[in-house]
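Trainee: My questions are about this predicted structure, shown below with the sequence.
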Amino acid sequence: MLRYTAVRTVWILVILVTILSMNFVILQSAPEYPPPTPDDRDMYYDRQVADGYFTVRVERDEEIVRAINESDDSVYVRSERNYYQRNPRTGPVEFYRIYEPVPIATQYVRWVGNIVTEWNWGYSTRVAPNVPVFEVLMSRIPITMQLNLLALFFYIPIGFALGIVAALRKDGVVDNLVTLFVMIFISIPSFVVMLFLVLIFGYQLEWLPTQFPTADAVGMVRFTGLILPVLGLAFQPIASLTRVTRAELTEVLTSEFLLLARTKGLTRPQSIVRHAMRNSMVPLVPGIIFSFVGLLSGSVIIETIYGIPGTGRVFIRAMALNNYDYNLILGTTAFYTIIGLFAVLLVDLSYGIVDPRIRMGAKK
Amino acid sequence: MRLYDDVKKDYDSLDKASFEPIEKDKKIYDKKFETKPIGYFKDAMIRFSRNRTNVVASVILIILILLAVFVPVLTTKNYTQQQTQLAHLPPRVPIISRLGFMDGTATVAAQTINPDNYNEEFDVFYPDNYFPEYILWETVENYYDSCSRISEICVGGEVVLRLQSRAATDMTITARNTFTVASTTGIAVNIDVVDVIGNANTELEVILETGGNEYVIGTITSSGTHSFNPFDNEDLPDSAFTSYRIKLRMFAENTDARFILSSVSVTDDALDDPIVEHSGFALANYQVSATGLINRQNAEIMRANFKYLAYESALREARATLSSTDYYDIMEEYPDECLWDPDEGVGGMPNPDATSVHARLFPEECPIIRTTGRSSLLPDPRNPGEFVYDYFVVIDYKRALGFDETPYFFFGTTNAGHDLFALTWVALRTSLLIGLVVAVINITVGIIYGSISGYYGGKIDLLMERFSEVISRIPWLVLLSIFYALIGPGALTLILILIVSGWIGVASVTRTQFYRYKGREYVLASRTLGAKDSRLIFRHILPNGIGTIITASVLMIPGVIFTEAALSYLGFGIGHGQSFKLFGLLELSGVSIGVLLADGRNEMIDKPYLTLFPAIIISILMITFNMFGNALRDAFNPSLRGSE
């Protein structure tokens, strides 16, 4: 068990590093989009130098200075990833500070170093110029987590209950209704469900807000503003949890050990609660852990529809066309990747805990 | 339970002679089957058709696909050209329209009214840009909404004075108009102060200005109504023809200080009405010195909700100004109906320059009913140096747009005047084609990858499994950011994102099938006969596992459509105006269901149909596709029924 845990953990770390490195290298080789205003840009490049991604030198060679003076795009040449700062910014000058990126391999080493030693994920360039990416994310994570955890705690009991009811009344009217519900909501994309919800409860009936309330909203609005996104997030997980619960429970209910439990004198409720439910839980736990990852990535689009200032929305903003904020993209994707892979690890390990019959990695 | 002893009596009582041993003299083991043999696929087909619900779902799915194929080809309505005249039409469906909904009346919500537009009969105001003759008056509702603009359409409320910057110590607001008084007795200047925020040094000086000089008549430091007799200040000139102007000057120490005023008035005891009464907009409209700011709060604006005959309005007969291009486009389109003779040119019949009304009338079938003249020669924007006329006409939009009678747009029209019904099917076609293409690529890659991995096993399998695990663990956000930054938005990015990890499901199913069949005796037999690996893979193992693989592949298409819709909705997929070719064969428009949903996003208040219909169609598609896929899986592999 210990060896298995260690092997899985290392393997997950390898995957994590692979994905993040690939993302870093590819994004760094794309055209750069520094902060838009000159002041922010100067600050940003000085920090890039301090973090070791750029070098700076002063160019006094008259010919080069004249060439830069005469070129149209003298402030910043994007294609060559060089940055010329004009000193001062108005009028022709005698010298330029020239910022040049170090090779990507070196950048990569420094990047890993910065993260490991200082937890420095770089600075945002466009969404919030020169604010550390980690700070931007930390201001967004609570709202996303709040939403997703609410959805999680909302959907699990309902999913279980529906699944259990359907399995116990198999092929009855209730079961058919639940199956229909499952088929519908497992198929419709969550953002379409969200659109329907906003359309019906927000615009037509006007019961609930059509946009997420702003941070300074008080009273009931704070609560009512959460209802629609939680519902939008929860419908699909409810449907899939119901389906799996129903399938597992049906299988267990027809098994022989349950018949034995009945014959030794347990009542039907007793046998179901003590034997059937317990055994049908085994495959459900990993499903629930994975569903949280599904919720998180689904909430990106829900946040965009409902204007929720969470990590998903900040990612979409960082991805605005020709306004890319690479450091923020890297940070956000790292957040989602870490959570996703952590869930995988948790699932791998949970098999052994939930069902002791499964000895992970044990020799046969 | 019946015991043998009970039954034995019955058996014993039977006549022994009526029994005959069947195997006495014939061999049944060589007998031919009388029924036809049922193959794997036929067996699956029988099982498939036994489940009614799934058959219904499959039929609906087929209808959707047929509609997506044929509607864009057969429709007479326009879904490619921009036609602003037809924009924003609500749904109108024959038969159903008689029930009172989907009848072509638009629901107009929260439009700001123009105070000049007043209907006396129903006592309501209505906004600009809507023709009164097409408004359904009994549905008009006026209501007040909050408003903070400094504009005449906002009424009531208070104004807030505050300093512009920390450097300022005072600010002044000045009335736009002056007033005169008839006598100097009984005059009062009244200031209604709602609230004062600030310290003891926050004060408001009330000043009358005349002849360029300022005379302070009072100072306010607290809230409440304050009245001042201006002539208590003996310096104030009081000749009968002096005109005065009210000025208010606020002194404060910081930008947090506020003076909130609701009205300024000047009264004369001898008169019933005040000489000056400034509140609401009039007060907010005071001239402000550069050191201060004036804001409005608690003001109200009147808005209107109503129903509007959108079709009649769009297809009305109306005066219009046509550019020469538009004018001659119509002439060339209807040469016979309009009796237009190209050789005669401008001077032809009917003649815009003609003086008699009769000569200006067009024949009855012509979209243009009559001309009312034309402009002087204007420079031609398209051909510099040339000059053209603009034509003033009365046009019948219905005929000009080519309709004999009021058309039915089942799902309404978009902002560009496209028929949403046709457009939805075009979008569905695009979505389906992308789904199909991506699925074909994924299935091909997946089958090849899974076959190799499953057939060879061992180290190769281990390595390939690890590789596919890494790929499958990449979150879609990472894929999106990488391809988006490298390639930019568009169909290629979309397809790449869908392909990168899409094949893994098929690969793992294929791999499992290979593990299941590669050890069977018939494979071993074939191998001993000298069959090559490729023959074993493609002729012996793959065909046996194909049912499961097909099922996994069919279930992939809705998944691809879903991802495509989500990405296009977020703006990372395809978009309007794009058209792209797949392998030089299929030309796809840039409209998919996700794009349509994104278009409707900002207009959910008054044009819910722009979102509703595409959403319903994609929902039906996904539900039926999943049911079809599940039914297929149950049919091919009955042991999996009921599980995922």
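Mentor: Ah, there it is. Everything quoted here is computed from the prediction, not taken from an experiment. Numbers count the residues shown, from 1 in each chain, chains lettered A, B, ... in the order given.
Trainee: CA atoms of the helix or strand containing residue A:280 as CSV?
Mentor: Element membership of residue A:280 [criterion: DSSP states H and E] is helix A:277-281. Extracted as CSV, the C-alpha positions of helix A:277-281 are listed here (Å, rounded to 0.1, in the frame of the first residue of the first chain):
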residue,chain,number,x,y,z
MET,A,277,-26.2,0.8,0.5
ARG,A,278,-22.8,0.1,2.0
ASN,A,279,-21.7,-2.1,-0.9
SER,A,280,-23.1,0.2,-3.6
MET,A,281,-21.1,3.1,-2.2
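Trainee: ok now that helix, how far from the chain's centre?
Mentor: Centroid separation for helix A:277-281 versus its chain: 30 Å, with CA atoms, centre = their mean, to the nearest Å.
Trainee: List the buried residues of that helix.
Mentor: Buried residues in helix A:277-281, defined by neighbour count with 16 or more other CB atoms under 10 Å in any protein chain shown: A:277, A:279-281. Every C-beta, even on glycine, is put in place using the N, C-alpha and C of the backbone.
Trainee: again, but for stretch A:253-261
Mentor: Judged by neighbour count using 16+ other CB under 10 Å, the buried positions of stretch A:253-261 are A:253, A:258, A:261.
Trainee: which ones are touching the first one?
Mentor: What it means is residue A:253. For residue A:253, the contact set (CB atoms under 8 Å, 6 or more residues apart in numbering or on different chains) comprises A:167-168, A:272, A:276.
Trainee: I'd guessed residue A:323 sits against residue A:125; true?
Mentor: No - Residue A:323 lies out of contact with residue A:125 (CB atoms under 8 Å); the separation is 9.2 Å.
Trainee: Compare these two (neighbour count), which wins?
Mentor: In this comparison of residue A:323 against residue A:125, neighbours counted by other CB atoms under 10 Å in any protein chain shown, the higher total goes to residue A:125 at 25 against 13.
Trainee: these two touch, right, that one and residue A:43?
Mentor: No - Residue A:125 lies out of contact with residue A:43 (CB under 8 Å); the separation is 10.8 Å.
Trainee: so what's in contact with those two at the same time?
Mentor: Common neighbours of residue A:125 and residue A:43 are listed as residue A:35 (criterion: CB under 8 Å, 6+ apart).
Trainee: the strands in chain A, which residues?
Mentor: Along chain A, the stretches classed as strands by DSSP state E are A:54-59, A:76-77, A:82-86, A:96-101.
Trainee: Tell me how far residue B:627 lies from residue B:438.
Mentor: Note on residue B:627: its distance to residue B:438, by CB to CB, to the nearest Å, is 21 Å.
Trainee: between the two, who's got more neighbours?
Mentor: With other CB under 10 Å as the criterion, residue B:627 and residue B:438 differ in neighbour count, and residue B:438 comes out ahead with 25 against 22.
Trainee: From residue B:446, how far out is that one?
Mentor: In this structure, residue B:438 and residue B:446 are separated by 12 Å, where distance is defined by CB to CB.
Trainee: try residue B:532
Mentor: 22 Å.
Trainee: higher neighbour count, the two?
Mentor: Residue environment comparison for residue B:532 versus residue B:446 gives the larger neighbour count to residue B:446, 26 against 11, counting by other CB under 10 Å.
Trainee: List buried members of the contacts of residue A:253 by neighbour count.
Mentor: Restricting these to buried positions leaves A:167-168, A:272, A:276, with burial counted as 16+ other CB under 10 Å.
Trainee: Which strand or helix spans residue B:225?
Mentor: Here residue B:225 is covered by strand B:224-228, with elements defined by DSSP H and E.
Trainee: Which elements pack onto the next helix or strand after that strand?
Mentor: Beyond strand B:224-228 on the C-terminal side, the first helix or strand identified by DSSP H and E is strand B:243-251. Contact partners of strand B:243-251 among helices and strands, from 3 or more CB pairs under 8 Å, 6 or more residues apart in numbering or on different chains; DSSP states H and E: strand B:158-163, strand B:170-174, strand B:179-180, strand B:203-210, strand B:258-268.
Trainee: and of those, who's closest to residue B:293?
Mentor: Ranking those by their distance to residue B:293 (criterion: CB to CB) puts strand B:158-163 first, at 5.4 Å.
Trainee: what's the helix or strand for the residue of the stretch 201-350 of chain B found nearest chain A?
Mentor: Among all residues of the stretch 201-350 of chain B, residue B:305 sits closest to chain A, at 12.2 Å; criterion: CB to the nearest CB. Assigned by DSSP H and E, residue B:305 belongs to strand B:299-309.
Trainee: Walk me through which strands that strand pairs with, and which way each runs.
Mentor: Each strand that pairs with strand B:299-309, with its direction, by DSSP bridges: strand B:105-112 (antiparallel), strand B:135-147 (antiparallel), strand B:154-155 (antiparallel).
Trainee: For the strands of chain A, which has the smallest mean pLDDT value?
Mentor: Of all the strands of chain A, mean pLDDT reaches its minimum on strand A:76-77 (a mean of 52).
Trainee: can you pull out the strands in the stretch 501-644 of chain B?
Mentor: Listed in chain order, the strands found in the stretch 501-644 of chain B under DSSP state E, counting those that start in this stretch are B:579-582, B:586-589.
Trainee: pLDDT on the first one, on average?
Mentor: This predicted structure assigns strand B:579-582 an average pLDDT of 62.
Trainee: now do stretch B:147-159
Mentor: The average of the pLDDT scores along stretch B:147-159 is 80.
Trainee: which of the residues in it are buried?
Mentor: By 16+ other CB under 10 Å, the buried positions in stretch B:147-159 come out as B:147, B:150, B:153-155, B:157-159.
Trainee: Provide a list of residue ranges in the stretch 1-150 of chain B with pLDDT below threshold.
Mentor: Counting by pLDDT under 70, the ranges of the stretch 1-150 of chain B that qualify are B:1-4, B:22-31, B:33.
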